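Engineer: have a look; sequence and predicted model below, questions after that.
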Number of protein chains: 2
Amino acid sequence: MTYQELYKQIIAKQSYLCVGLDTDIRKIPAHLLDSEDPIFEFNKQIIDATQQFCVSYKPNLAFYEQHGEKGLASFVKTVKYIKAKYPEQLIIADAKRGDIGNTSAMYRDAFFQTMPTDAVTLAPYMGRDSIEPFLQIEGKWAVILALTSNPSAEDFELQELKSGERLFEKVLKTTKEWGSHENTMYVVGATKAKWLEDIRKIVPEHFLLVPGVGAQGGSLEEVAKYGMNSHCGLLVNSSRGIIYASNGVDFAEKAHDEARKLQLQMAATL
Amino acid sequence: MTYQELYKQIIAKQSYLCVGLDTDIRKIPAHLLDSEDPIFEFNKQIIDATQQFCVSYKPNLAFYEQHGEKGLASFVKTVKYIKAKYPEQLIIADAKRGDIGNTSAMYRDAFFQTMPTDAVTLAPYMGRDSIEPFLQIEGKWAVILALTSNPSAEDFELQELKSGERLFEKVLKTTKEWGSHENTMYVVGATKAKWLEDIRKIVPEHFLLVPGVGAQGGSLEEVAKYGMNSHCGLLVNSSRGIIYASNGVDFAEKAHDEARKLQLQMAATL
């Protein structure tokens, strides 16, 4: 999916919502546990119930790998279901991968071919050759960790370099030269909304993937105020607030309601 | 596996060799391609042929995920084969994971329970809560990226902080406080052997996992000279040099020979 296509979707749906499919078998409704693949069944119903209000889905690989190859099969089924039924959705594999060049190229093939997603989150620690393979395929995206929403972001991401920049700023300035706003996005935690203004000075055109609205405590208004650009430039993720809005038989209906609430709030900011 | 158990293995085998199971379907011998699971069949024969000369196996997840759930099944079969037949081997999942705390705990369960390895490589970018879940289980290991062997390590790992330390030194100093040498190891590229002396000043007791000997160009003598401590403190990895020593029917035999060569070189340094 290209930058323009994503922007078109956002305008058409009046939403920049990304629904995080962090599907935890311990949290899904009891009545689904008898189905052949409870995780996929849960995802399918969540997707059908929320797709009209969002432009992106972001399954986090940890939740699937926890169940070994069976979990990865649920992930692949989920991705293929979205691709077949809702091809206008941007699928982000929240995998936070990163390895030396020839190995990163294999992760790229894993997530852009075998398990056909559109974007992968990447840790920048190992530098250019760990990111570059993901920038080589038209319409696919590298989503690079910049400033994350967890408290321990301060351990390294916020360290000040000799040059006066913080590490995450160095990451933004360095990595933006490797690709463009048409194949690179950045993860920026919503709990750090005040940083968004500074980040926009470095990457004015790029999309920012903002987790941490809702359960992790960020404010949508602040994110929109400081983070939005002329092409929206935001994907705001919500996981638990939507997918676990209810753990009864009405879980999909409640997810629908929560996604709509966020979509309405987003429409007001666009 | 504990620190002392690992050291005992090293002394008994006179080896600190880790064999990297970076198994690429495009490089394995043609006669294996007809078997039900060529990747597992290849690994099994490599393991049987090399186990007497090494103390550890390190499958890299990218090579398995490239094939989706089928590839992950080959990974799990490989890990379980080693655990059942050679329980004295330390199995390192070379996965380079790292996420916020509750998600990292799922990766921990994935690799320490579902797919029972002993250690996981981790990217430190997100800080403490991304590492800590891996330090909570007796006998299991976090293997943290410090200074990697790829050229673009200089993009971020070698950046100098305001404090005068380089980023990888900050990572060592900070992360060593979260656990101990009994549950934390560090990845240090052999192409940076001259750095090992400095690294040993920061982490004198920890094991260092050193990739990049062989195909990536490091020297075993230099690594041993600058990196060894009173408990050896080294695991030196070789992948391609061993597992692709031949791509004919004699591949396991040749792998055996290459592993023995390295073991003999290692014995001379112990």
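Structural biologist: Structure received. Numbers count the residues shown, from 1 in each chain, chains lettered A, B, ... in the order given.
Engineer: check the spacing between residue A:17 and residue A:33 real quick.
Structural biologist: Going from residue A:17 to residue A:33 by CB to CB, to the nearest Å gives 28 Å. Using the backbone N, CA and C atoms, a C-beta is placed for each residue, glycine as well.
Engineer: not counting sequence-adjacent ones, nearest residue to residue A:211?
Structural biologist: Closest residue to residue A:211 apart from its sequence neighbours, by CB to CB, 6 or more residues apart in numbering or on different chains: residue A:237 at 4.4 Å.
Engineer: work out the gap between the strand or helix carrying that neighbour and the centre of the chain.
Structural biologist: Assigned by DSSP states H and E, residue A:237 belongs to strand A:234-238. Computed by CA atoms, centre = their mean, to the nearest Å, the chain-centroid distance of strand A:234-238 equals 7 Å.
Engineer: ok so, going back, per-residue pLDDT of the residue nearest to residue A:211, please?
Structural biologist: Looking at residue A:237, its pLDDT stands at 95.
Engineer: for the one 10 residues further on, same thing?
Structural biologist: The predicted local confidence for residue A:247 comes out at a pLDDT of 94.
Engineer: for the residue lying closest to it once chain neighbours are set aside, give me its contacts.
Structural biologist: Closest residue to residue A:247 apart from its sequence neighbours, by CB to CB, 6+ apart: residue A:29 at 5.1 Å. Contact analysis of residue A:29 by CB atoms under 8 Å, 6 or more residues apart in numbering or on different chains lists A:42, A:246, A:247, A:248, A:249, A:251.
Engineer: below-threshold pLDDT in the stretch 1-150 of chain A: ranges please.
Structural biologist: Across the stretch 1-150 of chain A, nothing is flagged by pLDDT under 70.
Engineer: which part of it gets nearest to chain B, residue-wise?
Structural biologist: Closest contact between the stretch 1-150 of chain A and chain B, by CB to the nearest CB, is at residue A:127 (3.0 Å).
Engineer: tell me what the helix or strand hosting residue A:108 is packed against?
Structural biologist: Taking DSSP H and E as the criterion, residue A:108 maps to helix A:101-109. Contact analysis of helix A:101-109 by 3 or more CB pairs under 8 Å, 6 or more residues apart in numbering or on different chains; DSSP states H and E lists strand A:90-97, helix A:128-131, helix B:61-65 as its packing neighbours.
Engineer: would you mark the buried spots in that helix?
Structural biologist: Residues A:101, A:103, A:104, A:105, A:106, A:107, A:108, A:109 are the ones in helix A:101-109 that count as buried (16 or more other CB atoms under 10 Å in any protein chain shown).
Engineer: ditto for stretch A:75-91
Structural biologist: Buried residues in stretch A:75-91, counted by 16+ other CB under 10 Å: A:75, A:76, A:77, A:78, A:79, A:81, A:82, A:89, A:90, A:91.
Engineer: please report how far residue A:226 lies from residue B:100.
Structural biologist: Taken as CB to CB, the span from residue A:226 to residue B:100 is 22 Å.
Engineer: list the contacts of the residue nearest to residue A:134 when sequence neighbours are not counted.
Structural biologist: Counting by CB to CB, 6+ apart, residue A:134 lies nearest to residue A:142, which is 3.9 Å off, once chain neighbours are set aside. Shown in contact with residue A:142 (CB under 8 Å, 6+ apart): A:119, A:120, A:122, A:131, A:134, A:135, A:179, A:183, A:184, A:185.
Engineer: and the residues you listed as JSON lines, adding neighbour count and secondary structure?
Structural biologist: Converted to JSON lines, the contacts of residue A:142 look like this (neighbours: other CB atoms under 10 Å in any protein chain shown; DSSP: H, G, I helix; E, B strand; the rest coil):
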{"residue": "A:119", "neighbour count": "29", "secondary structure": "strand"}
{"residue": "A:120", "neighbour count": "26", "secondary structure": "strand"}
{"residue": "A:122", "neighbour count": "29", "secondary structure": "strand"}
{"residue": "A:131", "neighbour count": "25", "secondary structure": "helix"}
{"residue": "A:134", "neighbour count": "27", "secondary structure": "helix"}
{"residue": "A:135", "neighbour count": "18", "secondary structure": "helix"}
{"residue": "A:179", "neighbour count": "19", "secondary structure": "coil"}
{"residue": "A:183", "neighbour count": "20", "secondary structure": "coil"}
{"residue": "A:184", "neighbour count": "25", "secondary structure": "strand"}
{"residue": "A:185", "neighbour count": "26", "secondary structure": "strand"}
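Engineer: so where do the strands sit in the stretch 101-250 of chain A?
Structural biologist: Along the stretch 101-250 of chain A, the stretches classed as strands by DSSP state E, counting those that start in this stretch are A:119-122, A:141-147, A:184-188, A:207-210, A:234-238.
Engineer: now for the fourth one, which elements pack on it?
Structural biologist: Contacts of strand A:207-210 with other secondary structure elements, assessed using 3+ CB pairs under 8 Å, 6+ apart, are made with strand A:184-188, helix A:220-227, strand A:234-238.
Engineer: so what are the sheet partners of that strand and their directions?
Structural biologist: Strand A:207-210 pairs in its sheet with strand A:184-188 (parallel), strand A:234-238 (parallel), by DSSP bridges.
Engineer: what's in contact with it?
Structural biologist: Under CB under 8 Å, 6+ apart, the answer for strand A:207-210 is A:3, A:6, A:18, A:58, A:92, A:121, A:143, A:181, A:185-190, A:196, A:199, A:218, A:223, A:227, A:232-237.
Engineer: check stretch A:245-257 too.
Structural biologist: Outside of stretch A:245-257, the residues within contact range by CB under 8 Å, 6+ apart are A:27-31, A:42, A:45-46, A:48-50, A:53, A:242-244, A:258.
Engineer: about what we covered before: so which of the buried residues of helix A:101-109 comes closest to residue B:38?
Structural biologist: Lowest distance from residue B:38 to the buried residues of helix A:101-109 (CB to CB) belongs to residue A:106, with 16.3 Å.
Engineer: now the closest one, nearest residue through space, not along the chain?
Structural biologist: In space, and not counting its chain neighbours, residue A:106 is closest to residue B:62: 3.9 Å by CB to CB, 6+ apart.
Engineer: run a quick neighbour tally on the one you found.
Structural biologist: For residue B:62, the neighbour count with other CB atoms under 10 Å in any protein chain shown is 25.
Engineer: what does residue A:151 give?
Structural biologist: Each residue near residue A:151 was counted by other CB under 10 Å, and the total is 13.
Engineer: pretty sure residue A:221 contacts residue A:269?
Structural biologist: Yes: applying CB atoms under 8 Å, one finds residue A:221 in contact with residue A:269, separated by 7.0 Å.
Engineer: mind listing the residues bridging to the residue nearest to residue A:134?
Structural biologist: With DSSP bridges as the criterion, residue A:142 is bridged to residue A:120, residue A:184.
Engineer: ends of stretch A:84-100, how far apart?
Structural biologist: Criterion CA to CA, to the nearest Å; first-to-last residue distance in stretch A:84-100 is 33 Å.
Engineer: give me every residue in the stretch 151-270 of chain A lying close to chain B.
Structural biologist: Applying CB under 8 Å from any CB of the partner chain, we find that the stretch 151-270 of chain A lies next to chain B at A:151-157, A:159-162, A:164, A:167, A:170-171, A:174.
Engineer: out of those, which end up buried?
Structural biologist: Among these, those classed as buried by 16+ other CB under 10 Å are A:152, A:153, A:155, A:156, A:157, A:159, A:161, A:167, A:170, A:171, A:174.
Engineer: between these, which sits nearest residue A:67?
Structural biologist: residue A:152 (26.7 Å).
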